[in-house]
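Peer 1: Let's see this in three dimensions:
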Amino acid sequence: MSIKIAISRTMWALHNIAALPPKELLKALDDRDQHVRAWAIQFLCEDHSPSPGVLDRFVELARSDRSPVVRLYLAAALQRIDVASRWATAAELVRHGEDADDHNIPKMIWFGIEPAVPHYPARAVELAITSQIPLVTRFIARRLADADQLEPVVQSLGKAFESRRELLLGIRDALAERFDAEAPPSWNRVYRLLDSGTVDEVRVAREIAQQFGDIEAAAEMLATLQNDGESIEVRHAAIRGLSRRKHPQLKPLLATLLDDQRLRRAAIQAMASYDDARLAEKILTRYPNFTVEEKLDVIHTLASRDDFGQLLTDAIASGDILKRDVPAYVARLLRRVVGPRFVDVWGPIDELSADQQAYFASYRDVLTLKALKEADRRHGRELFRQTCLACHKMQGEGGEIGPDLTGANRTNREYLLGNILTPSAVIQDAYRMQLVLTEDGRVYSGILAGENEHQLQLRIVGTDEPIVIAKSTIESREVAPVSMMPEGLLKNLTDAEVLNLFAYLMFN
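Peer 2: Numbers count the residues shown, from 1 in each chain. The predicted structure is shown next:
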């Protein structure tokens with residue numbers, strides 16, 4: 001059969017399939033064309049009540065159909081099936097390890113079973129153990145832990161050798177910052193068994209044990225941190241785990257860790273967990289010798305607490321830290337942390353000229369096409385890295401606090417001017433800034449990445465992964481009515497620097 005005839009047949013079949021009665025749709029599930037089979041699945045679930053016979057056929061297809069298109073439609077169909085009847089089809093879908101890296105199938109399976117997981121913990125754990133799709137296993141463990149049903153997951157760790165790592169990661173994700181969590185009855189027994197696991201499994205198990213307040217696990221993490229033979233990644237994980245728990249024995253080590261370039265950034269970030277101004281003084285003293293990335297970590301840490309912020313304000317006032325080293329979003333946060341005194345040192349943060357048209361016109365005079373073409377784009381790139389990169393991604397590099405600039409209308413000078421000079425004019429809901437104050441006096445500002453009953457996840461500038469805050473520790477939380485990017489972003493740049501920055505944005 002020619003390709004043209006095959007396409008014509010498929011189009012004819014898809015055009016007519018919707019009008020078929022249920023019995024004929026069932027026959028379409030055996031069609032040789034994968035797209036016909038897929039659409040038959042969809043139409044059989046249109047009324048959200050497929051018959052038992054249809055569900056049996058779905059299970060057969062999930063087990064044996066070689067087409068990822070068909071398996072995707074089966075995964076999508078789970079949401080149109082009664083919650084209690086989803087398990088059989090899902091159990092066959094998760095056995096297809098070849099779908100583990102598919103962009104859609106693992107997530108669609110998860111969306112289908114998630115509502116059922118907390119109501120059927122035994123079935124959920126069974127599915128997690130047999131799953132060949134790591135994302136599904138990890139998400140099941142996390143959802144059960146979120147629902148305070150840790151015991152069946154922990155019990156499964158003793159026998160789920162192939163799935164153990166993902167189960168542990170799911171538990172760890174759920175317990176992050178939840179220092180009120182209690183170890184389930186079987187944890188101590190299972191934890192001893194985990195000593196025979198892989199290095200990665202043992203490490204994650206120790207992090208979980210520490211979340212349960214295990215003194216021995218904390219001691220092991222301290223030993224790991226001080227072991228030069230351990231990998232940097234493992235030692236970084238130890239710093240994170242100990243600092244999240246505010247472990248007292250980590251605090252005196254942090255200043256020493258500043259001497260190790262490989263651990264320095266993790267140590268600077270960990271200092272924000274401790275309300276001790278002496279730590280802030282130590283990193284301020286060494287600030288001139290830090291790299292650009294390390295300096296930004298210092299500024300983020302110093303903006304996280306009231307007394308730290310006061311010291312940072314003093315450093316800006318004295319010129320020890322230049323204004324241009326402090327991103328605009330940090331300046332706005334410091335105004336809240338420090339209060340009016342910061343504005344006295346920094347100056348107005350959101351100030352626009354009384355005559356906005358004149359303000360825009362002054363930059364239009366600078367940003368002529370001729371001047372832009374002759375500008376120094378290399379210098380503009382450096383300015384972009386200092387000013388914008390922490391929040392905005394461009395061409396695959398940068399943060400995710402603000403919109404990706406790669407596909408933005410950045411060749412349009414007026415578009416850039418409008419978004420930079422008046423960033424609060426239009427704010428997408430996904431980029432509204434959350435301001436969180438915890439009971440221990442720490443301040444967070446970031447973009448909401450997710451939340452559940454126990455935890456709040458914020459995407460914070462300078463961190464690769466969202467940070468997790470236990471809701472039980474939150475004293476206040478609000479959504480800022482303005483953008484994280486103040487309107488005076490360009491005021492600390494000379495006209496030449498503005499020109500170079502815009503040239504890089506517009507023409508690279």
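
Peer 1: quick one, strands of the stretch 251-400 of the chain?
Peer 2: 393-394, 397-398 (DSSP state E, counting those that start in this stretch).

Peer 1: Can you tell me which of those is nearest to Ile41?
Peer 2: Closest approach to Ile41 among the strands of the stretch 251-400 of the chain (CB to CB): strand 393-394, 36.9 Å. No exception for glycine: its C-beta is placed from N, CA and C like everyone else's.

Peer 1: and for the closest one, what are the contacting residues?
Peer 2: Phe384, Cys388, Gly399, Glu400, Asp404, Leu405, Thr406 (CB atoms under 8 Å, 6 or more residues apart in numbering).

Peer 1: One more pass at 7 Å, please.
Peer 2: Residues from elsewhere that reach strand 393-394 (CB atoms under 7 Å, 6 or more residues apart in numbering): Gly399, Glu400, Asp404, Leu405, Thr406.

Peer 1: that's a strand at Val443, yeah?
Peer 2: Yes. Applying DSSP: H, G, I helix; E, B strand; the rest coil, one finds Val443 inside a strand.

Peer 1: Could you check how far it is from Arg264?
Peer 2: Distance, Val443 to Arg264, using CB to CB, to the nearest Å: 23 Å.

Peer 1: same question, Leu25
Peer 2: 63 Å.

Peer 1: so where's this protein shaky on pLDDT?
Peer 2: Applying pLDDT under 70 to the chain flags the ranges 1-22, 179-180, 350-357, 424-427, 462, 464, 481-482, 484, 486-488.

Peer 1: can you pull the buried residues of stretch 40-57?
Peer 2: In terms of neighbour count (16 or more other CB atoms under 10 Å), stretch 40-57 has its buried residues at Ala40, Ile41, Gln42, Leu44, Cys45, Pro50, Val54, Leu55, Arg57.

Peer 1: where do the strands sit along the stretch 51-200 of the chain?
Peer 2: Along the stretch 51-200 of the chain, counting by DSSP E, counting those that start in this stretch, no stretch forms strands.

Peer 1: And the helices in it?
Peer 2: 52-64, 68-77, 87-93, 105-113, 121-130, 134-146, 150-156, 164-175, 187-193, 199-211 (DSSP state H, counting those that start in this stretch).

Peer 1: In TSV: those helices, plus distance to Leu369.
Peer 2: Shown next, in TSV, are the helices of the stretch 51-200 of the chain (distance: least, CB to CB, whole Å):
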stretch	distance to Leu369
helix 52-64	59
helix 68-77	48
helix 87-93	56
helix 105-113	45
helix 121-130	59
helix 134-146	49
helix 150-156	62
helix 164-175	50
helix 187-193	66
helix 199-211	55
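
Peer 1: Tell me what the closest residue to Leu389 other than its chain neighbours is bridged to.
Peer 2: Leaving aside its sequence neighbours, Leu389 sits nearest to Gly398 (CB to CB, 6 or more residues apart in numbering; 4.6 Å). Beta-bridge partners for Gly398, by DSSP bridges, are Lys393.

Peer 1: Surely Gly398 and His392 touch.
Peer 2: Yes. Counting by CB atoms under 7 Å, Gly398 touches His392, with 5.3 Å between them.

Peer 1: Tell me which of the helices of the stretch 51-200 of the chain lies nearest to Ile283.
Peer 2: Closest to Ile283 of these is helix 199-211 (CB to CB; 25.2 Å).

Peer 1: buried stuff in that closest one?
Peer 2: Those buried within helix 199-211 under the rule 16+ other CB under 10 Å are Glu201, Val202, Arg203, Val204, Ala205, Arg206, Glu207, Ile208, Ala209, Gln210, Gln211.

Peer 1: Could you list which residues are in contact with the closest residue to the fourth one other than its chain neighbours?
Peer 2: Counting by CB to CB, 6+ apart, Leu168 is the residue found nearest to Val204 once chain neighbours are left out, at 4.4 Å. Neighbouring residues of Leu168 by CB under 7 Å, 6+ apart: Glu201, Val204, Ala205, Ile208.

Peer 1: for Ala315, same thing?
Peer 2: Residues near Ala315 by CB under 7 Å, 6+ apart: Leu284, Ile321.

Peer 1: give me that answer again for 8 Å
Peer 2: Residues in contact with Ala315 (CB under 8 Å, 6+ apart) are Leu284, Tyr287, Ile321.

Peer 1: Please apply the same query to Leu333.
Peer 2: Ala303, Leu435, Val443, Ser445.

Peer 1: Kindly provide the distance from the closest residue to the last one other than its chain neighbours to Val326.
Peer 2: On the basis of CB to CB, 6+ apart, the spatially nearest residue to Ser445 that is not a chain neighbour turns out to be Leu333, at 4.9 Å. As defined by CB to CB, Leu333 lies at a distance of 10 Å from Val326.

Peer 1: Could you do Glu451 as well?
Peer 2: According to CB to CB, Glu451 and Val326 sit 29 Å apart.

Peer 1: With Arg86 instead?
Peer 2: Separation of Arg86 from Val326 (CB to CB): 51 Å.

Peer 1: How about His392?
Peer 2: His392 is 17 Å from Val326, where distance means CB to CB.

Peer 1: Could you do Ala255 as well?
Peer 2: 23 Å.

Peer 1: okay, those two: which has more neighbours?
Peer 2: Neighbours of Ala255 and Val326, each counted by other CB atoms under 10 Å, are more numerous for Val326; the result is 21 against 17.

Peer 1: Is it correct that the more buried one is in contact with Thr313?
Peer 2: No. Using CB atoms under 8 Å, Val326 is not in contact with Thr313, being 10.1 Å away.

Peer 1: where do the contact lists of these two overlap?
Peer 2: Joint contacts of Val326 and Thr313 (CB under 8 Å, 6+ apart) are Leu334.

Peer 1: Not counting sequence-adjacent ones, nearest residue to Leu93?
Peer 2: Ala62 (4.8 Å).

Peer 1: What residues does that neighbour make contact with?
Peer 2: Contacts for Ala62 (CB under 8 Å, 6+ apart) come out as Arg71, Leu74, Thr89, Ala90, Glu92, Leu93.

Peer 1: Swap in 6 Å and give it another go.
Peer 2: Leu74, Thr89, Glu92, Leu93 (CB atoms under 6 Å, 6 or more residues apart in numbering).

Peer 1: before we move on, what about Ile41?
Peer 2: Here Ile41 is in contact with Tyr73, Leu74, Ala77 (CB under 6 Å, 6+ apart).

Peer 1: what do you get for Val343?
Peer 2: Taking CB under 6 Å, 6+ apart, we find Val343 in contact with Arg335.

Peer 1: Would you check how far apart it and Arg336 are?
Peer 2: 11 Å.

Peer 1: cool, Gly319 as well?
Peer 2: According to CB to CB, Gly319 and Arg336 sit 24 Å apart.

Peer 1: Who has more neighbours out of those two?
Peer 2: Shown here are Gly319 and Arg336; by other CB under 10 Å, Arg336 has more neighbours (16 against 8).
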